[in-house]
Each structure stands twice: as C-alpha cells, then as structure tokens.
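Q: Everything below, folded, please.
(one chain, ligands or ions: 1)
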Amino acid sequence: MNQKVENALNEQIRKEEYSSRLYLAMAIWCEANGYPGAATFLYEHADEERMHMLKLVHYVNDRGGQAKLLEVEVPPLNYASLTEIFTEILKHEKFITESINSVYEITLNEKDYTTANFLQWFITEQIEEESLFSTILDKMKLIGGDKAGMFHMDKELEGMAAGTGESA
Ligand code: OFO
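A: Below you'll find the predicted structure:
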C-alpha cells in the first residue's frame, strides 16, 4: 500500500492504543476512588478503543502492508475528580478527530480512495463519541460539587456501559 498512507495509519494505531490505555488508567482511578459505575463505563470504553486499533491493524495487513506497534506513553494515573476525567476525555477525543481528519486528507492527496472510504467509519464514530462525552460533561457541570448528584451520575454511567441505562 501507499507508504505515506501506511505510515499515517500506523501512527493512528499508536493513538488508538494510547486512547485505550488512557481510558484504562481512568477506569482504574474511578474504581479506586468510589466511582464503580464510571469505572465499568471506562473499562468498556478502553476495550472499544482497542477494537478501533485492531480495525486499523487488520486493514493495513489486509491491504498488503504491515501494521506496526509504536511506542505508547504512560497516561496520567491520578485525577482530581470525575469531572476532570471527562473534561480530559472530551479534549482527547477532539484531538483524535483532528488526527483522523488529517489521515483522511493524506488519503485524498495520495488518491487512495479505498482507504478514504474505510476511514468514513472512524469519522462517523468520532462525531458520536464527541457528542456522547460532551453530553456527559454538560450534566457533570450542572451537578457541580453535589455528592448525591455525582452518585446518580455514576449509576447512570454504569447503565450506559451495559447499554441499558438512560441515554446520556
Ligand atoms: Fe474514542 O474513538 Fe478511537 O480513539
């Protein structure tokens, strides 16, 4: 496959792997700090990011390239609050959206329309994720420092993880 496209996809694999580790670190913090629902939600989301990574890995290999695993940094392990976590997640997802968009731009410049088409799934996924996390964050901001409100938010996140709760 086109080398520039392959390199860009490998770099995106690294970012998705980082996303998975970031949400795993956040899930661990939540579990250790009295937010079991948020922990369940984030453990599940870490798995989702790993799926994103694998989707890219298989695509690169299926197209005759070879997926590479690059160095992934250790994510922050400590957070001040649940609101800080979701603020960081939204910021990170915006960064991922920009990154996907720039890989998409490379595919167009290189006239690799098959990969551009493949990336559509990620573009749609990013719209959904940004909207999900910004809704959760808006609710947390409304709750503010209210402990009972945060307890309910934690329960709601648990329901969202199981796919049975109220929508965010
Ligand atoms: Fe959160 O969508 Fe992949 O990174």
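Q: tally of neighbours for residue 76?
A: Applying other Cβ atoms under 10 Å, we find 13 residues neighbouring residue 76. The way it works is simple: take the backbone N, C-alpha and C, and place the C-beta from them, glycine included.
Q: The closest residue to it other than its chain neighbours is in what secondary structure piece?
A: Residue nearest to residue 76 in three dimensions, not counting chain neighbours: residue 25, with 6.7 Å by Cβ to Cβ, 6 or more residues apart in numbering. Per DSSP states H and E: residue 25 is located in helix 3-32.
Q: and the lowest-mean-pLDDT helix or strand in the chain, what does it pack onto?
A: Across the helices and strands of the chain, mean confidence by mean pLDDT, DSSP states H and E is lowest for helix 147-162: a mean of 91. The helices and strands touching helix 147-162, judged by 3 or more Cβ pairs under 8 Å, 6 or more residues apart in numbering; DSSP states H and E, are helix 36-62, helix 82-109, helix 113-143.
Q: now the angle from the second one to helix 36-62?
A: What that stands for is helix 82-109. Relative orientation of helix 82-109 versus helix 36-62 (axes from the mean of the first three to the mean of the last three Cα atoms, to 10 degrees): 10 degrees.
Q: Is any residue of helix 82-109 near the ligand?
A: Yes. Interface with the ligand: helix 82-109 contributes 93, 96 (Cβ under 6 Å from any ligand atom).
Q: Now do the buried residues in that helix.
A: Judged by neighbour count (16 or more other Cβ atoms under 10 Å), helix 82-109 contains these buried residues: 82-83, 85-90, 92-93, 96-97, 99-100, 103-104, 106-107.
Q: Off-centre distance for that helix?
A: 8 Å (Cα atoms, centre = their mean, to the nearest Å).
Q: between that helix and helix 113-143, how many degrees?
A: Using the same axes, to 10 degrees: helix 82-109 against helix 113-143 is 160 degrees.
Q: try the shortest one
A: Relative orientation of helix 36-62 and helix 113-143, computed by the same axes, to 10 degrees: 170 degrees.
Q: Output the set of residues of this structure in proximity to the ligand.
A: Checking the chain against the ligand by Cβ under 6 Å from any ligand atom, the hits are 16, 19, 49, 52, 93, 96, 125, 129.
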